[in-house]
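1. Build the 3D model from these lines:
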Amino acid sequence: MNIINNSGKKKVSYPFSNGRVYFNAVTMFVVLLVSVSLLLDYSTFTSLLCYLAFSAIVTFVSFKLKLHLLFKMQRNEVEAEGGLDKGKTEGFEKWKVILVAIGLGLFLLFPIISTIFLDPTSWFVGFSSFVTGTSISEVVLYFYIRRS
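-> A predicted model of the protein is given here:
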């Protein structure tokens with residue numbers, strides 16, 4: 001639920017459990033340590049820099065997307081409590097579910113399909129930087145919301 005703080009800005013609460021934050025923090029550290037270790041031992045320094053750069057990009061984009069969706073989700077909760085007309089949005093919600101299901105299916109198939117086109121180092125850098133970036137963004141989101 002939105003709470004208005006002293007400066008008049010809407011404050012957003014973190015809707016998920018602390019266990020999710022702990023899980024993402026552990027995942028981030030494990031994947032970061034394994035990735036850096038493997039890339040230092042078996043690859044070039046350029047691959048390590050690409051991994052760190054892609055992780056930073058994924059972290060930034062994922063954080064912004066999660067923050068936007070969190071504001072939107074909590075705004076929709078407030079509107080639903082206000083009793084706005086739900087008939088207009090029901091059909092749109094069904095299409096959203098279908099599009100999310102298609103997107104999720106493509107996303108789950110992407111690592112398998114990408115092994116055909118990418119060499120193992122590029123695939124590892126891309127996949128591990130995605131996992132690291134999304135995990136970091138969840139932890140950053142938690143502390144950002146908690147701080148504000």
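
2. Flag every buried residue along the helix or strand hosting M73.
-> M73 belongs to helix 45-81 when elements are defined using DSSP states H and E. Within helix 45-81, the residues scored as buried using 16 or more other CB atoms under 10 Å are 47-48, 50-52, 54-55, 58-59, 62-63, 66-67, 70, 74. Every residue, glycine included, has its C-beta placed from N, CA and C.

3. what stretches of the protein score poorly on pLDDT?
-> Scanning the chain for pLDDT under 70 picks out the ranges 1-11, 78-93.

4. how about the helices in it?
-> Along the chain, the stretches classed as helices by DSSP state H are 18-42, 45-81, 87-117, 120-147.

5. Reformat the ones you listed as CSV; add distance to V12.
-> CSV is the format used below for these (distance: least, CB to CB, whole Å):
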stretch, distance to V12
helix 18-42, 15
helix 45-81, 6
helix 87-117, 21
helix 120-147, 6
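
6. quick one: contacts for F54?
-> By CB atoms under 8 Å, 6 or more residues apart in numbering, the contact set of F54 is 125-126, 129-130, 133.

7. Would you quantify the distance from it to L33?
-> To L33, F54 is 17 Å away according to CB to CB, to the nearest Å.

8. Distance check, V61 against T44.
-> Counting by CB to CB - V61 and T44 are separated by 25 Å.

9. ditto for F130
-> The gap separating F130 from T44 is 20 Å, by CB to CB.
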